[in-house]
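Asker: What shape does this take:
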Amino acid sequence: MSQYKITRRNFIKASAAVGATIALPAFGQAQYPSRPVRLLCPWPAGGSTDVVMRAFGDSLARTLGGTVVVENKPGAGGILGAVELANARPDGYTLSQLPLGIFRLPHMQKVSFDPMKDLTYIACLTGYTFGMVVRADSPMKSIQDVVAYAKANPEAFSYGSTGTGTTPHLVVEQFAKRAGIKLLHIPFKGNADGMQGLLGGHVMAHSDATGWASAVEAGRARLLVTYGSKRTKRWPNVPTLQELGYQTVSDSPFGIGGPKGMDPALVKRLQDAFKKTLEDPLVTATLDKFDQPIIYMDSAAYTKFAQDTFREEKEMIESMGLSRKT
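Answerer: The predicted structure follows:
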């Protein structure tokens, strides 16, 4: 009888300890963040995304009342943030920017994460304005000049992008296919490297988001075309690929994600905190600098967007004959 009581007492103590352990994550959120939050930027330092993510990070730190450290993880077409999230603890201390490429590259090559199973979609925040620029002294005055040159000189017109399989790469390849031309693609790690390649004369054009804006404004580069569904407010005289008849459009929203399995209460807190950053004048000024519109989606809407986009990207990759071989 005595042995039974001792065992039962120990069982009750053990059960209470397990219950306390299970409750710890929710309880711990009251103190979140108690240490620095890592906000991964899967692009090099100095590029447009890096500048934007640092603005978001500073604003998020003020909103949460903690420290946010932006870490650059460049290369591999912008998917290294998602790669790290797939192996991180779902405690809110590792977050990452999620570019559109995370929905595309898994259809093109083997990757170490599943965008539908390994990530938590916290909030969509903004989107890129993409375009193609050449040096100011280039003889290419318009995209029609590029088409004419490429038809006369197949695979001689070189252009840089932020990496194989990224939107700036595939939009140009889609345009080239519809224009009946072949171009020479040179991948870079990010915008800063690509612009150095262009201005240094290593490539004839650069395709990317508006990290080229300062060079265009300074008269060192010429913007030939943009890729969105409509002309930009900042460069209203520059046409889109769509209006020129190439049936190519890319509006590219991006947001913030975390590892799978995050506590819903923590996701909501972060979702709301990121939404608040979009009201910060310092953030909106940075977005305006790179002609990036506010495209907010909460966690539920962003998750649905991710599911729809993953399916649509698969169809687009298959139509271009770029699906990975299994």
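Asker: from the chain's centre, how far out does the stretch of helix or strand Arg269 belongs to sit?
Answerer: Element membership of Arg269 [criterion: DSSP states H and E] is helix 264-277. How far helix 264-277 lies from its chain's middle: 19 Å, per CA atoms, centre = their mean, to the nearest Å.
Asker: model confidence over that helix, on average?
Answerer: Averaging pLDDT along helix 264-277 yields 98.
Asker: Quick check: next helix or strand after it?
Answerer: Scanning onward from helix 264-277 (DSSP H and E), the first element met is helix 281-289.
Asker: Please name every helix or strand in contact with the helix holding Arg269.
Answerer: Packing contacts for helix 264-277, counted by 3 or more CB pairs under 8 Å, 6 or more residues apart in numbering; DSSP states H and E, involve helix 48-64, strand 119-128, strand 252-259, helix 299-319. C-beta coordinates here come from the backbone N, C-alpha and C atoms, glycine included.
Asker: Now the first one: buried residues?
Answerer: The reference is to helix 48-64. Residues of helix 48-64 classed as buried by neighbour count (16 or more other CB atoms under 10 Å): 48-61, 63-64.
Asker: Measure how buried Ala156 is and give me the count.
Answerer: 12 (other CB atoms under 10 Å).
Asker: Quickly list what the closest residue to Gly81 other than its chain neighbours is bridged to.
Answerer: In space, and not counting its chain neighbours, Gly81 is closest to Ser96: 3.2 Å by CB to CB, 6 or more residues apart in numbering. Beta bridges link Ser96 to Leu40, Gly257 when assigned by DSSP bridges.
Asker: is it true that Thr309 touches Ile102?
Answerer: No. Between Thr309 and Ile102 there is no contact under CB atoms under 8 Å: 9.3 Å.
Asker: Can you show me the CA trace of stretch 258-271 as PDB?
Answerer: This file holds the C-alpha atoms of stretch 258-271, laid out as PDB (Å, rounded to 0.1, in the frame of the first residue of the first chain):
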ATOM      1  CA  GLY A 258       9.100  31.700 -39.600                       C
ATOM      2  CA  PRO A 259       9.600  28.000 -39.000                       C
ATOM      3  CA  LYS A 260       6.700  25.600 -39.000                       C
ATOM      4  CA  GLY A 261       4.900  25.000 -35.800                       C
ATOM      5  CA  MET A 262       4.900  28.500 -34.300                       C
ATOM      6  CA  ASP A 263       2.400  29.200 -31.600                       C
ATOM      7  CA  PRO A 264      -0.700  30.900 -33.200                       C
ATOM      8  CA  ALA A 265      -0.600  33.600 -30.400                       C
ATOM      9  CA  LEU A 266       3.000  34.400 -31.300                       C
ATOM     10  CA  VAL A 267       2.200  34.500 -35.000                       C
ATOM     11  CA  LYS A 268      -0.600  37.000 -34.400                       C
ATOM     12  CA  ARG A 269       1.700  39.200 -32.200                       C
ATOM     13  CA  LEU A 270       4.300  39.300 -34.900                       C
ATOM     14  CA  GLN A 271       1.700  39.700 -37.700                       C
END
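Asker: Can you list the neighbours in contact with that stretch?
Answerer: Identification of contacts with stretch 258-271 by CB atoms under 8 Å, 6 or more residues apart in numbering yields 25-26, 29, 32, 85-92, 94-96, 117-120, 122-123, 256, 298-299.
Asker: Go through that stretch and flag the buried ones.
Answerer: Neighbour counts over stretch 258-271 (16+ other CB under 10 Å) mark 258-260, 262-263, 266-267, 269-271 as buried.
Asker: now swap in stretch 244-255 and tell me
Answerer: 244, 246, 248, 250-255.
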